[in-house]
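> the sequence and its predicted three-dimensional model are supplied below.
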Amino acid sequence: VSVVGRRSRRTPRTRWIAFTLAIAFALIMLAPFALMVSTAFKPYAYVLEIPPKLIPDAPTLDNFVNAITTNDFGRYFLNSVFVATLSTIVSVTLASMLAFVFARYEFPGRRVLFAALLFTIMVPGLVLLIPQFVLARNLGLLNSLWGLIIVYSVLNMGLNTFLLRGFFAAMPKEIFDAAEVDGAGPWRIYRTIAMPLARPGLATVTIFSFLAAWDEFTWAIVTISDRELYTLPVAIRLFQRANGTEWGLVFAASLIALMPVLVLFVALQRHVVSGAFQGATKG
Amino acid sequence: MEVGRRIATNRRWPHLLRLLPIYGLLLPGLLLYGAWAAYPLISSFILSFTDWNLLKPTSFVGLDNYVRAFCDPLFWRSLSSTLGYTVVTVAGQLILGLGAALLLNQRIPGRSVLRLIYYLPVITSWVIVSLVFLYLYNGQAGALNWLLKDVLGIIDANVAWLAEPSTALWAIAILGIWKGIGWTMVVFLAGLQSVPDDLYEAASMDGAGTWSRFRWITLPFLRATSTFLLVVLTIGGFNAFISIFVMSSAATGTIGGPLNSTDVVLTYMWKQAFTEIDLGYGAALSFVLAGAIGLVSVIEFRLIRRQEST
């Protein structure tokens, strides 16, 4: 009885303190977003008002309309969707094949190849930039969305392979042995057994790859020079460079860019939080 | 292992036939990866020993580029800025990320909404958050100046946070911390799941307070998680680029401005390679950075392991 009494005395108070702190912290974390959203609805004259008002005096949708109609952000949006979707499919498919083999089979060269893969995860992306640029130029992939798709596919392949390998390695061996006894080869086991079982892991690497491709900036700004081929990060940044004080438009375009990843993240949040770091935090 | 033994007992031909589909599965990924990651890495390394600049025929210059970096005061300055930025952002993310994780590990209402709010900066692109903070830091009418001057009265006059050499890098570091707290928190939360609840209950019954439970139960269980985070966040700090690139060029007109105060190794390397078109030197700088990252990661692992054994 005494234990129960003590717990019920303490727990509500600490919980209330924790709750208050958590809300206060959430407000600090949200403040920059709140200002971004409210500015996106403000007419040009009010974007740098003092004091900054959270609820605009004369809210307007003009910024969103202008972003899409006169400033072509609809087009940049489609470019980003195209590039991020295709590169995610390529990256996740190829990484899952690599990860499946690394997790389930022994073959000559296995250790060296896997070590090389891990090594490239740690190298800063900018190290590769110069030779990738030369390679893209020689193959005619500069100023082309295909050049973006190829490099973004490679961008996450090392990490995807590493994460997915953990999922495949954790699957019970017996299922695979049974399939082999039935005469199934690696391709069939990969397609019919390993992939369906790896769904939570695939969801995780899919969202990470999509996010990375959607947000990528450096490679796009180096290789893309035609206006019609801009992706959203490049377009938003160059728009801000050219129209420094048009904050309402800049943030309207930013919100348009943020929406798809927000939707994707909320939809797949469960997987990301539960699945992503299991391998990383153990041991 | 088991598979290996089975393969080894097979005869040679069936063995090769068996390996064929395995290499078939590897081939597409390895080809793409080899052409666009491994090959560029090697070729960049070779480049770093040349004077390649697109203007004259390239020749090997041995270690010249590395010696030049060693004697280049601006490189050393960028390296020390990189270290400062990394120390501040890693510490900030670890402390606040752990704090957020401990809060959300309690049974409080609205946990999933709070978690999403903390995580929101993580999923927002670097370009967007850089522009948002550029707006907040505005020297005349920014929200930060308004808050510090008009509301809290901490400063007397507006500060041009990003145009002032003494504040610019730290203003960008605050963005780095804010953006990374959510990710650090999620990893800590995963680590906290490994702490058995009955340990806390037993400790409470023995009269242990909140602090001693945290110090003697929670922290030891988070050791593997913290090591992982320390190494990954350090690598992230060394790789900071987009925020500095976007904010410094927008606020001062030069990448790494004002007065080179926000130049980190990557922005300095960028300018050498793409503004000065000194591609060999740029490649060498990037390998010095890669070496520094490797070295610091190894030191971090070692230090933590030594702590564990004592």
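Perfect, I can see it now.
> every contact and neighbour count from this point should use C-alpha atoms.
Noted.
> how about the residues of the stretch 101-250 of chain A that lie near chain B?
Residues of the stretch 101-250 of chain A lying close to chain B (CA under 8 Å from any CA of the partner chain) are A:101, A:104-107, A:120, A:122-124, A:126-128, A:130-132, A:151, A:154, A:157, A:185-187, A:211, A:214-218, A:233, A:236-237, A:241, A:247.
> what are the phi and psi values at the residue of the stretch 51-200 of chain B found nearest chain A?
Among all residues of the stretch 51-200 of chain B, B:Ser125 sits closest to chain A, at 4.9 Å; criterion: CA to the nearest CA. Dihedral pair for B:Ser125: phi -70, psi 150, per degrees, to the nearest 10.
> B:Arg107 too?
According to degrees, to the nearest 10, B:Arg107 has phi -90, psi 80.
> number of nearby residues for the nearest residue to it once chain neighbours are set aside?
Leaving out its chain neighbours, the residue that sits closest to B:Arg107 by CA to CA, 6 or more residues apart in numbering or on different chains is A:Arg15, at 7.0 Å. By other CA atoms under 10 Å in any protein chain shown, 16 other residues sit near A:Arg15.
> report the contact partners of A:Arg15.
A:Arg15 makes contact with B:Gln106, B:Arg107, B:Ile108 under the criterion CA atoms under 8 Å, 6 or more residues apart in numbering or on different chains.
> okay, strands next: where are they in the stretch 151-300 of chain B?
Along the stretch 151-300 of chain B, counting by DSSP state E, counting those that start in this stretch, no stretch forms strands.
> residues from it in reach of chain A?
B:178, B:186-187, B:190-191, B:205, B:224-225, B:228, B:235, B:239, B:242, B:246, B:250, B:266, B:273, B:279, B:283, B:286-287, B:290.
> low-confidence bits of the stretch 1-150 of chain B, can you list those?
Along the stretch 1-150 of chain B, segments meeting pLDDT under 70 span B:1-14.
> quick one, helices of it?
B:2-9, B:12-33, B:39-47, B:64-70, B:73-104, B:111-123, B:126-136, B:143-145 (DSSP state H, counting those that start in this stretch).
> who's in contact with the fourth one?
Contacts of helix B:64-70 from elsewhere in the structure, counted by CA under 8 Å, 6+ apart, are B:Ser48, B:Phe49, B:Thr50, B:Asp51, B:Phe75, B:Trp76, B:Gly280, B:Tyr281, B:Ala284, B:Leu285, B:Val288.
> put the alpha carbons of that helix into CSV.
Taking C-alpha atoms only, helix B:64-70 is exported to CSV below (Å, rounded to 0.1, in the frame of the first residue of the first chain):
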residue,chain,number,x,y,z
ASP,B,64,52.4,20.4,-53.2
ASN,B,65,48.7,20.8,-52.6
TYR,B,66,48.9,19.3,-49.2
VAL,B,67,51.9,21.4,-48.3
ARG,B,68,50.1,24.4,-49.6
ALA,B,69,47.2,23.7,-47.3
PHE,B,70,49.5,23.3,-44.4
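> which of the residues in it are buried?
Neighbour-count burial for helix B:64-70 flags B:Asp64, B:Asn65, B:Tyr66, B:Ala69 (criterion: 16 or more other CA atoms under 10 Å in any protein chain shown).
> count of neighbours near the nearest residue to B:Leu103 once chain neighbours are set aside?
In space, and not counting its chain neighbours, B:Leu103 is closest to A:Ala18: 5.5 Å by CA to CA, 6+ apart. By the criterion of other CA under 10 Å, A:Ala18 has 20 neighbours.
> now for A:Ala18: which residues touch it?
B:Leu103, B:Gln106, B:Ile108.
> helix or strand right after the strand or helix carrying it?
Assigned by DSSP states H and E, A:Ala18 belongs to helix A:2-40. Moving toward the C-terminus from helix A:2-40, the next helix or strand (DSSP H and E) is helix A:62-68.
> just the CA coordinates of that next one, formatted as CSV?
Coordinates of each C-alpha in helix A:62-68 appear next as CSV, following Å, rounded to 0.1, in the frame of the first residue of the first chain:
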residue,chain,number,x,y,z
ASP,A,62,-1.6,36.2,-53.4
ASN,A,63,1.8,34.8,-52.5
PHE,A,64,0.7,31.3,-53.2
VAL,A,65,-1.0,32.2,-56.4
ASN,A,66,2.0,34.2,-57.6
ALA,A,67,4.4,31.5,-56.8
ILE,A,68,2.5,29.0,-58.9
